[in-house]
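In: using only what follows, build the 3D model:
(2 chains)
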There are 2 protein chains.
Amino acid sequence: MSSGPFSDIRVVVYGVGAMGALATRLLVDKGAKIVGAVGRSSSKVGRDLGEVAGLGKRLGVSIESDADEVLTRGADIAVVCVGSYLSSMHKHFETCLKNGVNVVTIEEETVFPWTTASAHAEALDALAKANGVTLAASGAQDVFWLNLVTTLLGASHKIDKVIGHSRWNVDDYGPEVANHLLIGRSKEDFDQIVEVSGWPEFVARQTLEALVARLGLKVASIASDVTAVTASAQIHCRSLKEEVPPGHVIGTIDRTVVTTREGLQFEFAMEGRLYRDGETDYNFWKVQGEPSLQLSCEDANYRFTTCSTLVNRIPDVIAAAPGLCSLDMLNSPRYRHH
Amino acid sequence: MSSGPFSDIRVVVYGVGAMGALATRLLVDKGAKIVGAVGRSSSKVGRDLGEVAGLGKRLGVSIESDADEVLTRGADIAVVCVGSYLSSMHKHFETCLKNGVNVVTIEEETVFPWTTASAHAEALDALAKANGVTLAASGAQDVFWLNLVTTLLGASHKIDKVIGHSRWNVDDYGPEVANHLLIGRSKEDFDQIVEVSGWPEFVARQTLEALVARLGLKVASIASDVTAVTASAQIHCRSLKEEVPPGHVIGTIDRTVVTTREGLQFEFAMEGRLYRDGETDYNFWKVQGEPSLQLSCEDANYRFTTCSTLVNRIPDVIAAAPGLCSLDMLNSPRYRHH
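Out: Down below sits the predicted model:
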């Protein structure tokens, strides 16, 4: 009946992997005008976005490999689902911003990039401002690890410590993520690789920093560590198409602890691992203070809610002031009825 | 170390019952400047607010019975904890507003008064605008039944139905509330009284209407009903100092169902009753749609969080545009560090 809240928004789908395909379906449901699609795989370039996204219908939009070419034709926003770190995503965001196209992305570092990727963040902030557009990241963490928590804290008189624990299914995100988390390796391999190469801070830290910034508190110290979770019994890894034997890595726990200058502590443990039957994407937060508070979500469906939250954020990002807009700078995301 | 976020805010404590006393303690912790106190009981008028509020120290603020007198001396905001319905609170709010003093209150109808008390709401809205100040209500529902839910829905692609269930302890709010809920009456008495006098819509409806308005949806129909909860075994009522026998009323379930013109349904059951040992203030919300979502808080401590949320809202209410500001018009409440 209605043409939807997105009918005047011209979108470029930038990245047509599993997440870009899901975002495409949600954008079509919302009534967005998809005006272009960018992909790199030779098996997708030249084909119709609707077919590649598995919609069972053509959208009249061909997937192209030359992002600059697509973006020069103009759009209100690019929905960028490509990679997880700002260093590798910089050039993609740059292409959008210099063409005057806003960006919303699932790239996790941009949630709060000011300390882990400050040079990239400052350059992109300046570029976005110079072109009058906004770059922002969103995803499930926007709702479940940031805004549900800051909203709960709206009932706090005094916070001593905030403790979060969330769990997501590695198999929901394909082989690249499974390999990144060293799934299937021996515990010894894992420890040696982390010892030699370090471990990039991934989602948990950025979300916690955005949370502290939103509360108006100042970081005194940040500590992060990673622990391997190993199999107690053999388990199948769908994305790597292999069996992981007992004792080998089935996931990791990324833990970040922020202490603020005001003396409050924030701790967040983010566990990504292979699931056994019946396990779900868990989200639990506990507030020690006056009063004690607690919040839990039994199944946050992080893969899906990363895309749905991203799409719901589009009008906020278009409306935001130009620049790189880290998530502490936006109000809570909201449902967009279609 | 810091003087706190409230040190420049001059507050009048309006109403010095149990909730006003708790609000006083929180305001003192936050560093607010309490410049006046209004009470009506002859056992409190003339005494120091700090003593009456049980702080164990004097605040140098006498409780006065003449509200107009107190408010004429000027303040930034009045924290009003007196009654639950706009019809009886109208004159109190009027006194504040005509003296150019903002109001934040736990009075539940003002959360969304536009349909259940529209004449009062419109008159107070006009008065607030004429005096350049804001009238707003807050309390636990602001966090637990409104903003946690709208934030969760920020992850929804499509909502079919939202179902909430919350439980609060009648004994936390004194004899007036227990009598209002007909605690201790027989089931027959209860049904007859509701049949004859009706049942004022209380918190659940207003919160649900604020939620629907915040989502930008339009109400098609609203239905409310009340059910008595009866004792399966004898239970003690602290606030009435009496035993409630089996079969008699220990609480009520207020249920409101809103259907929107867009076809979405919102149902909220708010249960207020006497607790048995180990029971807590429960908060549970379920979203049917794509995806299915769920959120729960095991102990929302509604009595305390009503005061703490109210106090956290003070800077928002002072900063809001003049007029009656129903809760759909404000962003999520936030923690205020002291």
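In: rest of the way, CA atoms for contacts and neighbours
Out: Noted.
In: contacting residues for residue A:138?
Out: Residue A:138 sits next to A:104-108, A:111, A:306, A:309-310, A:313, A:327 when contact means C-alpha atoms under 8 Å, 6 or more residues apart in numbering or on different chains.
In: got the residues you listed as TSV, with distance to residue A:254 and secondary structure columns?
Out: Output for the contacts of residue A:138, formatted as TSV (distance: C-alpha to C-alpha, whole Å; DSSP: H, G, I helix; E, B strand; the rest coil):
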residue	distance to residue A:254	secondary structure
A:104	25	strand
A:105	22	strand
A:106	18	coil
A:107	17	coil
A:108	14	helix
A:111	17	helix
A:306	19	helix
A:309	23	helix
A:310	23	helix
A:313	26	coil
A:327	20	helix
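In: and those near chain B, which?
Out: Among the contacts of residue A:138, the ones lying near chain B by C-alpha under 8 Å from any C-alpha of the partner chain are A:306, A:309.
In: and which of the contacts of residue A:138 is nearest to residue A:212?
Out: residue A:327 (11.0 Å; C-alpha to C-alpha).
In: chain center to stretch A:106-120: distance?
Out: Stretch A:106-120 sits 11 Å away from the centroid of its parent chain (C-alpha atoms, centre = their mean, to the nearest Å).
In: first-to-last residue distance for that stretch?
Out: With C-alpha to C-alpha, to the nearest Å as the measure, stretch A:106-120 spans 17 Å from end to end.
In: kindly report the same for stretch A:43-51.
Out: Using C-alpha to C-alpha, the distance between the terminal residues of stretch A:43-51 is 12 Å.
In: where along the stretch 201-338 of chain A do the strands fall?
Out: A:219-230, A:235-237, A:242-244, A:249-260, A:265-273, A:283-290, A:293-297, A:323-324 (DSSP state E, counting those that start in this stretch).
In: now the ones you listed in CSV, with mean neighbour count, mean pLDDT and distance to chain B?
Out: Formatted as CSV, the strands of the stretch 201-338 of chain A follow (neighbours: other C-alpha atoms under 10 Å in any protein chain shown; pLDDT from 0 to 100; distance: least, C-alpha to the nearest C-alpha, whole Å):
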stretch, mean neighbour count, mean pLDDT, distance to chain B
strand A:219-230, 17, 96, 14
strand A:235-237, 19, 97, 24
strand A:242-244, 15, 97, 29
strand A:249-260, 23, 97, 12
strand A:265-273, 23, 97, 13
strand A:283-290, 19, 98, 9
strand A:293-297, 22, 98, 5
strand A:323-324, 26, 98, 21
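In: lowest average confidence, helix or strand, in chain A?
Out: One helix or strand of chain A scores below all others by mean pLDDT, DSSP states H and E: helix A:174-180, with a mean of 89.
In: buried stuff in that one?
Out: For helix A:174-180, burial by neighbour count (16 or more other C-alpha atoms under 10 Å in any protein chain shown) applies to A:175, A:177-178.
In: likewise stretch A:70-77?
Out: Neighbour-count burial for stretch A:70-77 flags A:70-71, A:74-77 (criterion: 16+ other C-alpha under 10 Å).
In: now, the residues you listed that are in helices?
Out: Here DSSP state H is the test, and the buried residues of stretch A:70-77 give A:70-71 as lying in helices.
In: now the buried residues of stretch A:70-77 in JSON lines, with distance to chain B and pLDDT?
Out: Conversion of those to JSON lines gives the following (distance: C-alpha to the nearest C-alpha, whole Å; pLDDT from 0 to 100):
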{"residue": "A:70", "distance to chain B": "27", "pLDDT": "98"}
{"residue": "A:71", "distance to chain B": "27", "pLDDT": "98"}
{"residue": "A:74", "distance to chain B": "26", "pLDDT": "96"}
{"residue": "A:75", "distance to chain B": "23", "pLDDT": "98"}
{"residue": "A:76", "distance to chain B": "21", "pLDDT": "98"}
{"residue": "A:77", "distance to chain B": "19", "pLDDT": "98"}
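In: and residue A:11, how far from residue A:52?
Out: Using C-alpha to C-alpha, residue A:11 is found at 17 Å from residue A:52.
In: can you give me the helices in chain A?
Out: Under DSSP H, chain A gives helices at A:18-30, A:49-52, A:67-72, A:86-98, A:118-130, A:140-141, A:148-153, A:174-180, A:187-197, A:204-214, A:302-312, A:314-319.
In: low-confidence ranges in chain A?
Out: Within chain A, the ranges that satisfy pLDDT under 70 run A:1-4.
In: beta partners of residue A:38?
Out: Per DSSP bridges, the residues bridged to residue A:38 are residue A:14, residue A:64.
In: which residues touch it?
Out: By C-alpha under 8 Å, 6+ apart, the residues touching residue A:38 are A:12-16, A:63-67, A:70.
In: residue A:11 and residue A:52 - which one has more neighbours?
Out: residue A:11 (26 against 22; other C-alpha atoms under 10 Å in any protein chain shown).
In: and the residue of the stretch 201-338 of chain A found nearest chain B, how many neighbours?
Out: Across the stretch 201-338 of chain A, the shortest distance to chain B (C-alpha to the nearest C-alpha) belongs to residue A:334, at 3.9 Å. When neighbours are counted by other C-alpha under 10 Å, residue A:334 registers 23.
In: repeat that for residue A:275.
Out: Residues lying near residue A:275 (other C-alpha under 10 Å) number 20.
In: and it, backbone torsions?
Out: phi -100, psi 150 (degrees, to the nearest 10).
In: I'd guessed it sits against residue A:169; true?
Out: Yes: with contact defined as C-alpha atoms under 8 Å, residue A:275 and residue A:169 form a contacting pair (6.0 Å).
In: find the closest residue to chain B in the stretch 101-250 of chain A.
Out: Closest point on the stretch 101-250 of chain A to chain B, by C-alpha to the nearest C-alpha, is residue A:154, at 3.9 Å.
In: what sits against the residue nearest to residue A:81 when sequence neighbours are not counted?
Out: Excluding its sequence neighbours, the residue lying closest to residue A:81 (C-alpha to C-alpha, 6 or more residues apart in numbering or on different chains) is residue A:15, at 5.1 Å. Counting by C-alpha under 8 Å, 6+ apart, residue A:15 touches A:37-40, A:80-82.
In: please apply the same query to residue A:198.
Out: Residue A:198 touches nothing, counting by C-alpha under 8 Å, 6+ apart.
In: could you redo the last one with a cut-off of 10 Å?
Out: For residue A:198, the contact set (C-alpha atoms under 10 Å, 6 or more residues apart in numbering or on different chains) comprises A:191-192, A:225-226.
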